[in-house]
Each structure stands twice: as structure tokens, then as C-alpha cells.
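Participant: with the sequence up front, the predicted model follows.
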Amino acid sequence: MTHVAAGRAARDGWDVCLAPEDAGWTYSGLRVLSLEPGGRREFATGDSEWVLLPLAGACDVRVDGREFALHGRESVFAGVSDFAYLPRESDALVTSAGGGRFALAGARCGRRLPARYGPASGVPVELRGAGGTSRQVNNFAAADVFDCDRLIAVEVLTPGGNWSSYPPHKHDEAGPHESRLEEIYYYELAGGPAAIGYQRVYPSPRGGTDLLAEVRSGDAVLIPDGWHGPSMAVPGYDMYYLNVMAGPDPERAWRISDDPAHAWVRGTWPDQHPDPRLPLYGAPEDV
């Protein structure tokens, strides 16, 4: 189950339904939901907190007696989206007049935080790397951006021909320079059904995960441990992935260690320019 091909984790009306126990770990989860125009879906959040993020289309969300209208976007390659935070132990209803596809990034958690709306205008858009390692990161639920109990979630967009998640890094040990985080990558690729990309994960001193996967739209990769990267966007096809992370450490933080064999690459970035194709888009102004 390290590489979950599109459709393999579909059940109970979800395009993707990955609970922590499906992944063989404790905290991180992911669901992806498609709704036809006028469609609706009710579900219980259970023992997890969730961020509902439109991938394509708009929706309305009702939870804890509150209603949030998410404007969404045409696609993950078209713009930043607004989102909603759904607390644990809640009943939620999602409806969509025009239909669409929606991700739920989740983490098993202890605290019950209030339901909230996250505006697209508040999402920091970061350019990371340089040259052929340039990518765009939409930090909608990064640890220092949006308050959750355990969940950390961001979006990464990599232009065709570039490598992201590079230098390879890991977060499978506790310490001052690293967090323990279970991670899910969920992919979408521009260019139609022929579009492909690649993901590498290889063993670290504390973890034995070893994978080189050809990924397509709707695939997911589960990373319990190990060095991960690069995520390779082949020429002609832009790559998107949603990162969902959570772990046992008391502090909710994203701290990583680069593979020492490749860490020198990061030091070359100040002497290079970012890929001129980036950003693909920025966060909108307040509406």
C-alpha cells in the first residue's frame, strides 16, 4: 500500500478513503470526494480533524451549526482555494450546486478546535528551490499559518521538467532538527490521462521504505519513514501534489533533515534564478 493507484482506495462513495489504519500508522488520513451537480455528502468526522479543500469546483459546508460557502477553483492548476476546518466529533454536510472534486486532509487528534473558514487571500504562496528544482508551495495549513491540533497540509506545484521535494529529506526521528510525521502525497497532473510523474522514497537510518513509483492523477504515496524525493514532473506535464502530515510529537512543527549526500544542492540556490514559469498563480486579494 505504499503506492496507492487511482481507484485502489475508493470505497463508500469516496474516490480515495485512506484512514490511518489503512496506511498502517496512527495519525494521517485522506479522503477525496466527487460530487455531481446538486450532489451532497454527509459524514462524521470521528476522532480526526479535517480540512476540506476544493480541488475543482465550489461547495457549501455545514458543520457545528455553521455554514461556509467555499468559492473553490476551476482546478488545482488555476488558483489558490479557500477551505474549511472541520473539528473532530462533528457531523458535516457538503453540497455542491455545480459539482466538483474535494479533498479532506485529516489527522487523528486529541483537541476539539472550533470550525473555521480559511480564505484564499490568507494562503501564503512560497517559491522554493531554484532552476530545475523550482516549485510553488501553497501553505494553506502549514504549522505556522493555520491552527490545527496535529494536521499539517500544503500544496506543491512543480512545472514540467522540474524536480521538487529535493534535496531528498526525511522526518522520521524526534529531535531539535526533525519532527516525526507520517505523510501522504496525493497527485494530480496537467495534460490529460497520459500525464505521468515519478516519486522516489528510499531507506533512512530509521526507516526502510523503498519505492520508485510512476504516478498519475488520483494516485497517492504513503511515506511512514525514509528519505523522500525527488518528486519528478516529466517534461510537458505540470505536477500537483497535496501533502498531508501528522505525527506524535507534542509540538506541531515541520522540521526536516536533508540527506547529507545531496544537501549541498540547497546551497546552490542563491546563485540561480527561480523558474520563470513560477508562480503559476498567487493568492487573490481579499474579497
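Facilitator: That came in fine, so what should we check first?
Participant: point out where the protein drops to low pLDDT.
Facilitator: Across the chain, residues meeting the criterion (pLDDT under 70) sit at 286-287.
Participant: in the sheet, who's paired with residue 201?
Facilitator: When bridges are assigned using DSSP bridges, the partners listed for residue 201 are residue 211, residue 228.
Participant: what about the residue nearest to residue 23 when sequence neighbours are not counted, which SS state?
Facilitator: What sits nearest to residue 23 in space, not counting adjacent residues and going by C-beta to C-beta, 6 or more residues apart in numbering, is residue 222, at 4.9 Å. Glycine gets a C-beta too; all of them are placed from N, C-alpha and C. With DSSP: H, G, I helix; E, B strand; the rest coil as the basis, the three-state label of residue 222 is strand.
Participant: my guess is residue 222 meets residue 20, correct?
Facilitator: No. At 10.4 Å, residue 222 does not count as touching residue 20 under the criterion of C-beta atoms under 8 Å.
Participant: what's the overlap in contacts for the two?
Facilitator: residue 182 (C-beta atoms under 8 Å, 6 or more residues apart in numbering).
Participant: more neighbours: these two, which one.
Facilitator: It is residue 222, of residue 222 and residue 20, that has more neighbours when counted by other C-beta atoms under 10 Å, with 24 against 18.
Participant: how much space between residue 93 and residue 115?
Facilitator: 12 Å (C-beta to C-beta, to the nearest Å).
Participant: the more surrounded of the two?
Facilitator: residue 115 (20 against 13).
Participant: surely that one meets residue 63?
Facilitator: Yes. The pair residue 115 and residue 63 qualifies as a contact (C-beta under 8 Å) at a distance of 4.9 Å.
Participant: okay, and the common contacts of the two?
Facilitator: If you check residue 115 and residue 63 against C-beta under 8 Å, 6+ apart, the residues they both contact are 84, 86-87, 90.
Participant: save these as a markdown table, and put in secondary structure too.
Facilitator: Written out in a markdown table, the entries for the shared contacts of residue 115 and residue 63 read as follows (three-state DSSP):
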| residue | secondary structure |
| --- | --- |
| 84 | strand |
| 86 | strand |
| 87 | coil |
| 90 | coil |
